[in-house]
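1. sequence and predicted model, in that order:
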Amino acid sequence: MSRVHDMGGRFGDGPVRPDAPNAPVFATEWHARALAVTLACGALGQWNIDTSRHAREKLSPIDYTRFSYYEIWLAALADLLVHKCVLSEDDLAGQGSDAPHPLAEKRLTADAVAGVLAKGGPADREGGPEPLFVEGQAVRTRHPGGNRRVSGGHTRLPTYATGATGRILRLHGTHVLPDSAAHGLGEAPEPLYAVVFPAGELWSHPENPEDEVVLDMWQSYLELV
Amino acid sequence: MPHDHSDHPHALLPPDPALRVKALETILTRKGLIDPAALDEIIDTYQNKIGPQNGARVVARAWSDPAFKDALLADADPVLAGLGYSGRQGEHMVVVENTPAQHNMVVCTLCSCYPWPLLGIPPAWYKSDAYRARAVREPRAVLADFGVSLPEGTRVRVWDSTAEVRYLVLPMRPKGTEGLTEDQLAILVTRDSMVGTGLPRSPEGKT
């Protein structure tokens, strides 16, 4: 059902430790390189943001848990580069060739960085199904959750929020469906809503029954109550 | 070397993370797939150009200019684009306002979604298991870890960033700031106050 990254509501993690005032953006040089190499490889255009999130989630629970944040990024990047046939296992093992790579023409150059970051990757799309729900309407999230097309596949419906009743707060527009896009099954855009849930819908012992959690939910995650 | 077609080719790289990223960068550079100068440029951008100072300017302006605040809360994207604060990981922004009745707090339980153009790269605590696991279930206990306690009667609304929409909290303007300029106000706006795990500084220097 779920994967190791799906940790919302989990018990036992201990205190949150705020960082020191004026802590550097990158704690060490390799953190900065890990972020930059990941972004630069993304610019090669061989995967989308949903594919890369899923690559991180697919790490074994042991690796995901023992790795620090940027180690998760690096491991997922290496896995993606091989699975998308950008590099071979021999390349990773340091035994590959230095022959010119067919994707080299897509290399992100320094002068293009500012433009690429400023452009980003908008997820809203024209078309798609009409919105079924309106603001204020009561809706329930699917239960069981999980990706409906691919067993063990990517989804953005956290386990803690399955089978919960909330109400539509707002319509964000029509957005790419990660459950489809992560697996090369097309963007399948759908209406995306902010849905608000009372804490008591989600937790057996809510910290305060007046509190609420809002999640962004695609239309196919929801049913009318 | 035998091809074992493992599901996890990353195990072929050196285990030490600093060596691991170096190895990957070297392999990719030799094949012409990445440009080390582009990596330097990306790092410089997030180390020196894009950070919480951007969000602080937006908040200070919203505190100073009611029409700007209304436009920001109604439809943030065109307003932020006009200031040059759009782009990667901030393509679809929603600004949520703290009031005496409601305190907002932002998390990403599934990964680490965060409004980069306004706040930069997320701090380690935002990406930690403890924050991701606990913020949705016990936000008040998490706030206590940050030294924040809310008045009775203030509801907490936690925003779990499950899609490509990014949330910025508009904190309440501190008392005693009448007459301050936008630049003076911006200094009071902390990063954590825009995530909802902190409150703005007071003009006397206390939080």
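-> That came in fine, so what should we check first? The structure presented is a predicted model; accordingly, all values stated were derived computationally and were not measured. Residues are numbered from 1 along each chain as shown, chains lettered A, B, ... in the order given.
2. can you get me a residue count around B:P203?
-> Residues lying near B:P203 (other C-beta atoms under 10 Å in any protein chain shown) number 17. All C-beta atoms are positioned from the backbone trio N, CA, C, and that covers glycine.
3. shouldn't it be in contact with B:T177?
-> Yes: B:P203 lies in contact with B:T177 (C-beta atoms under 8 Å); the separation is 5.4 Å.
4. domains for chain B, by residue range?
-> With domains defined by automatic domain parsing, chain B comprises B:15-48, B:52-195.
5. in JSON lines, list those domains along with distance to chain A, mean pLDDT and mean neighbour count.
-> Compiled in JSON lines, the domains of chain B are given as follows (distance: least, C-beta to the nearest C-beta, whole Å; pLDDT from 0 to 100; neighbours: other C-beta atoms under 10 Å in any protein chain shown):
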{"stretch": "domain B:15-48", "distance to chain A": "3", "mean pLDDT": "97", "mean neighbour count": "18"}
{"stretch": "domain B:52-195", "distance to chain A": "3", "mean pLDDT": "97", "mean neighbour count": "20"}
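6. of these, which is nearest A:L103?
-> Closest approach to A:L103 among the domains of chain B (C-beta to C-beta): domain B:15-48, 6.0 Å.
7. picking that back up, can you say which of the domains of chain B is nearest to A:E89?
-> Of the domains of chain B, nearest to A:E89 by C-beta to C-beta is domain B:15-48, at 11.7 Å.
8. what's near enough to touch the closest residue to A:N147 other than its chain neighbours?
-> Closest residue in space to A:N147, ignoring its immediate chain neighbours: A:G153 at 3.3 Å, by C-beta to C-beta, 6 or more residues apart in numbering or on different chains. Residues in contact with A:G153 (C-beta atoms under 8 Å, 6 or more residues apart in numbering or on different chains) are A:54, A:146-147, A:179, A:182-183.
9. assign A:G153 to helix, strand or coil.
-> At A:G153 the chain is in coil, as set by DSSP: H, G, I helix; E, B strand; the rest coil.
10. let me know the pLDDT of it.
-> A:G153 carries a pLDDT value of 97.
11. out of the contacts of A:G153, the closest to chain B would be?
-> Closest approach between the contacts of A:G153 and chain B, by C-beta to the nearest C-beta: A:H54, at 10.3 Å.
12. for the record, mean pLDDT for the helix or strand hosting that closest one?
-> Using DSSP states H and E, A:H54 sits within helix A:49-57. For helix A:49-57, mean pLDDT is 97.
13. could you look up the next helix or strand downstream of that helix?
-> Next helix or strand after helix A:49-57 toward the C-terminus (DSSP H and E): helix A:61-66.
14. now A:F133: closest residue in space that isn't a chain neighbour?
-> For A:F133, the spatially nearest residue (C-beta to C-beta, 6+ apart) is A:I168, at 4.9 Å.
15. where does that neighbour fall, secondary structure wise?
-> strand A:165-175.
16. Three-state assignment for B:V156, please.
-> strand.
17. ok, what's across the strand from it?
-> As for beta bridges, B:V156 partners with B:H103 under DSSP bridges.
18. what's near enough to touch it?
-> By C-beta under 8 Å, 6+ apart, the contact set of B:V156 is A:208, A:211-212, B:102-105, B:139-140, B:143, B:150.
19. sorry, back to before: could I have the strand holding A:I168 exported to PDB, CA atoms only?
-> Provided in PDB are the C-alpha atoms of strand A:165-175 (Å, rounded to 0.1, in the frame of the first residue of the first chain):
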ATOM      1  CA  THR A 165     -14.600  13.700   4.800                       C
ATOM      2  CA  GLY A 166     -13.800  17.400   4.300                       C
ATOM      3  CA  ARG A 167     -15.100  20.300   2.300                       C
ATOM      4  CA  ILE A 168     -13.900  22.000  -0.900                       C
ATOM      5  CA  LEU A 169     -12.100  25.200   0.000                       C
ATOM      6  CA  ARG A 170     -11.100  26.400  -3.500                       C
ATOM      7  CA  LEU A 171     -10.500  25.200  -7.000                       C
ATOM      8  CA  HIS A 172      -6.900  25.700  -8.100                       C
ATOM      9  CA  GLY A 173      -7.500  25.000 -11.700                       C
ATOM     10  CA  THR A 174      -6.700  21.900 -13.800                       C
ATOM     11  CA  HIS A 175      -3.300  20.300 -13.000                       C
END
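20. for that strand, name the packing helices and strands.
-> strand A:138-141, strand A:190-198, strand A:212-218, strand B:92-97 (3 or more C-beta pairs under 8 Å, 6 or more residues apart in numbering or on different chains; DSSP states H and E).
21. can you tell me which of these is most buried?
-> Mean neighbour count (mean count of other C-beta atoms under 10 Å in any protein chain shown) peaks for strand A:212-218 among the helices and strands packed on strand A:165-175, with a mean of 26.
22. direction included, what does the helix or strand immediately after that strand in the chain pair up with?
-> Using DSSP H and E, the next helix or strand after strand A:212-218 towards the C-terminus is strand A:222-224. Within its sheet, strand A:222-224 is paired with strand A:138-141 (antiparallel), according to DSSP bridges.
23. now the strand it pairs with: average pLDDT?
-> 98.
24. of all the domains of chain B, which one comes closest to A:A199?
-> Judging the domains of chain B by C-beta to C-beta, what sits closest to A:A199 is domain B:52-195, at 8.1 Å.
25. what is the end-to-end distance of that closest one?
-> End-to-end span of domain B:52-195 (C-alpha to C-alpha, to the nearest Å): 10 Å.
26. can you check stretch B:181-198 too?
-> Rule used - C-alpha to C-alpha; the end-to-end distance of stretch B:181-198 is 22 Å.
27. off-centre distance for it?
-> In terms of C-alpha atoms, centre = their mean, to the nearest Å, the centre of stretch B:181-198 is set 12 Å apart from its chain centre.
28. got it, and stretch A:138-151?
-> The answer for stretch A:138-151 is 16 Å, by C-alpha atoms, centre = their mean.
29. and the residue with the largest distance to the centre of chain A, how close does it get to A:T162?
-> No residue in chain A sits farther from the centre than A:A99, which is 33.8 Å out by C-alpha atoms, centre = their mean. Computed as C-beta to C-beta, to the nearest Å, the A:A99 to A:T162 distance reads 49 Å.
30. now do B:L24
-> Distance from B:L24 to A:T162, by C-beta to C-beta: 37 Å.
31. next: A:S2.
-> 10 Å.
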